[in-house]
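Q: Structure for the following, please:
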Amino acid sequence: MSELVPQRIAHLRGEIERHNYQYHTLDAPLITDAEFDAMFRELQTLETQYPSLATPDSPSQRIGAAPLLSFAKVVHRSPMLSLSNAFNEEEVRAFDTRTREALGVAEVDYSVEPKFDGLAVTLTYRDGIFVQGATRGDGEVGEDVTQNLRTIRNLPLRLDSGRLAKPIPFIEIRGEVLMFKVDFIALNLEQADKGDKLFANPRNAAAGSLRQLNSRITSSRHLSFLAYGAGAVEGFILPDTHAEQLECLQKISVPVPQERRVVHGVDGLLAYYREIGELRHKLPYEIDGVVYKVNNISQQSKLGYVSRAPRFALAHKFPAEEALTTVLDIEVQVGRTGALTPVARLAPVFVGGVTVTNATLHNEEELRRKDIRIGDTVSVRRAGDVIPEVARVLLERRPVDAREFNMPRTCPVCGAHVSKQPDEAIWRCSGGLFCPAQRKQALLHFANRRALDIEGLGDKLVDQLVEQQLVHTPADLYKLNLRALAQLERMGEKSAQNLLDAIEHSKQTTLARFIYALGIRNVGEATAKELARHFATLDNFMAADETRLQLVPDIGPIVAQSISTFFAEPHNIEVITQLHAAGVQWPEQAEKAVQLLPLNAKVFVLTGTLASMSRDEAKSRLETLGARVTGSVSQKTDYVVAGAEAGTKLGKAQQLNIAVLDEQQFLQLLNTNEMPSAVG
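A: Numbers count the residues shown, from 1 in each chain. Modelled structure (predicted):
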């Protein structure tokens, strides 16, 4: 290994963390997203090639790790205490009076900052490296969420001690994990599209995301961290005021609230409260009040604690934001994945700084639980200052002509049948291939690399094709012409011809890819391959009832019902017929021929890196021979193919006495369709 490799890796890590800080903490990016992505990919490639150089503090660790079975417990060095609350001016004045009398001073300087509505955590750094993070828990014992915290982009994995007189050998940093408003909106839109439960507010979203056992899910949720102070410190003396300690944290690249300051006396506290209250809706994150802390650390120590709260701090909460209005009607919106969501149309009401006219009712079960009817007087809350929701119904004001709402049994957009699976609360439209509400999603899925693989058909182009009424279903893609495409924005004749060539190339596919491209609910890539292997022809597949469908490995009643519902819709059959007529085809094999494939029904697991081909190529070669390729080793596994740097799957295979093939034996198998004479 060249000595330049470690130097390049160190340089990339430093640059990536610097640009992370500029982008996520200072909101002042210095380079484009493409330049950042290129650096990140280069670092990942080098760490893959030289795994001995991979370290826990590398920015590449932010992508998430393997799922945990549970969280380990962490005992806090010093308790993470709650704050006493104040809800009015009198309680704030009483706090200031107690503080002045206890200290024997005429006026107190306070450090003030917004009260984040997130999840409290503590971060431990040794020699500047982030080594552990834990939730507050009960104040004494929290949960180890280190893997998940590593995924947070603005949380430093290595402290930047360059601006300090000397490094900090050990420090605990206390703060909150939160979700910015824009990220919360995006997450709930994604949840709604998938038919999953919406998060009530950013705090719930942040808490639920941080406590995922699979840190890759956490990584996808775009959480942020803001510090509010330090816990235990060793080998370093922090400044003697709270405000200066926050300045010190900022110097070492720890994100702290920009709205913090020092005020004098109770009048300064109340002025800050009013100021932040006016700014509240302009802040990028959700807050539920402000926090006052005696600024001088020695004065904090003198004041001490009462019960489980410090005497030197107080949380001044904002009042709840709700307002009364009337439900004028209840309508249904159809998401891009076919999920039906009831929405209350409201008499306009001013809540949380904006006029609200609509409120989500989430799903039918939620609507029934709250017993919301058309004509009701309801209390509307801007949950998380973002999504208006109906908090409760005032039953005492219900008019005699209030009407119950029933979910439609056909899609209000396309008229297709709607259905609800036993394990879901969401009703869904079955017209996936032709429903206008699902049109863009259906086209993008159809053109996916693992489906029909139409290169160049991305989001922006699909938007234009749909909005200009050029494409209504996937079958219409095969009717496009050069003239129509060339007139689209940022296309031109060359790009248009490239797309037409890709569409023409997509006509030659496989049955498994075609089944996956249909976008049937609960039918992923692996399930599509099992269905193609089992039924061999599309006609056999479409004719199968739910009982026969459940004879296919790993297909239960829910997947079988999804398939049956999809094919029960005549419009879906019509689109499939049009695709056939357009020339979409694949080599069909008789069922008997499938059974005669050399590796039919054999289960393989791939682990490590193969020098001769990629993981996807190896998987494709095996599946062509009739094998099933799964992601985990079990008693059902027949063979494990172990490349270089094989992981825990190899160890498990050896424990279970499962045959292991090295790369040479694997290539022999692919080339001869016969098992090698000896396996490891």
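
Q: Where does pLDDT dip in the stretch 301-450 of the chain?
A: Scanning the stretch 301-450 of the chain for pLDDT under 70 picks out the ranges 307, 320, 352-354, 382-387.

Q: Now tell me which helix or strand of the chain has the poorest mean pLDDT.
A: Sorting the helices and strands of the chain by mean pLDDT, DSSP states H and E puts helix 591-595 at the bottom, at a mean of 48.

Q: How confident was the prediction at the residue of the chain most remote from its centre?
A: The centre of the chain is farthest from one residue, G104, which by CA atoms, centre = their mean lies 51.5 Å away. G104 is assigned 96 on the pLDDT scale.

Q: Kindly report the same for F40.
A: Reported pLDDT for F40: 77.

Q: how many neighbours does it have?
A: 19 (other CB atoms under 10 Å). Just so you know, the C-beta spots here come from the backbone N, C-alpha and C atoms, and that holds for glycine as well.

Q: Who are the contact partners of it?
A: By CB atoms under 8 Å, 6 or more residues apart in numbering, the residues touching F40 are 16, 59-60.

Q: same deal with V380?
A: With contacts defined as CB under 8 Å, 6+ apart, V380 is in contact with 322-325, 346, 349, 351, 356, 359, 388-391.

Q: could you redo those residues as JSON lines and give each row neighbour count?
A: Below are these laid out as JSON lines (neighbours: other CB atoms under 10 Å):
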{"residue": "E322", "neighbour count": "15"}
{"residue": "A323", "neighbour count": "17"}
{"residue": "L324", "neighbour count": "13"}
{"residue": "T325", "neighbour count": "22"}
{"residue": "L346", "neighbour count": "22"}
{"residue": "V349", "neighbour count": "19"}
{"residue": "V351", "neighbour count": "20"}
{"residue": "V356", "neighbour count": "20"}
{"residue": "A359", "neighbour count": "25"}
{"residue": "P388", "neighbour count": "23"}
{"residue": "E389", "neighbour count": "23"}
{"residue": "V390", "neighbour count": "22"}
{"residue": "A391", "neighbour count": "17"}
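
Q: now these in CSV, with distance to L213?
A: Formatted as CSV, the contacts of V380 follow (distance: CB to CB, whole Å):
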residue, distance to L213
E322, 35
A323, 39
L324, 41
T325, 40
L346, 39
V349, 40
V351, 36
V356, 36
A359, 33
P388, 32
E389, 28
V390, 32
A391, 31
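
Q: can you tell me which of those are in strands?
A: 322-325, 346, 349, 351, 356, 359, 388-391 (DSSP state E).

Q: Of these, which is the nearest to F225?
A: E389 (27.0 Å; CB to CB).

Q: Bridged to the closest one, which residues?
A: T360, R381 (DSSP bridges).

Q: That one touches N358, doesn't it?
A: No - E389 is beyond contact range of N358, at 10.2 Å (criterion: CB atoms under 8 Å).

Q: For the ones in strands among the contacts of V380, name the two members farthest from one another.
A: Taking CB to CB, no two of the ones in strands among the contacts of V380 sit farther apart than L324 and E389, at 14.1 Å.

Q: Any buried residues in the helix or strand harbouring I9, and which?
A: For I9, the host element (DSSP states H and E) is helix 4-20. Residues 9, 12-13, 15-17, 19-20 are the ones in helix 4-20 that count as buried (16 or more other CB atoms under 10 Å).

Q: quick check, P114 in a helix?
A: No - read with DSSP: H, G, I helix; E, B strand; the rest coil, P114 is strand and lies in no helix.

Q: show me what contacts it?
A: Here P114 is in contact with 257, 259-260, 276, 283, 287, 289-291 (CB under 8 Å, 6+ apart).

Q: any chance of the residues you listed in CSV, plus neighbour count, pLDDT and distance to A451?
A: Compiled in CSV, the contacts of P114 are given as follows (neighbours: other CB atoms under 10 Å; pLDDT from 0 to 100; distance: CB to CB, whole Å):
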residue, neighbour count, pLDDT, distance to A451
P257, 22, 93, 46
E259, 15, 94, 48
R260, 20, 96, 50
I276, 20, 94, 50
L283, 17, 89, 42
I287, 23, 89, 44
G289, 23, 92, 49
V290, 26, 96, 51
V291, 21, 97, 51
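
Q: Filter those residues down to the ones in helices?
A: Secondary structure from DSSP state H places I276 of the contacts of P114 in helices.

Q: Many thanks, I have nothing further to ask.
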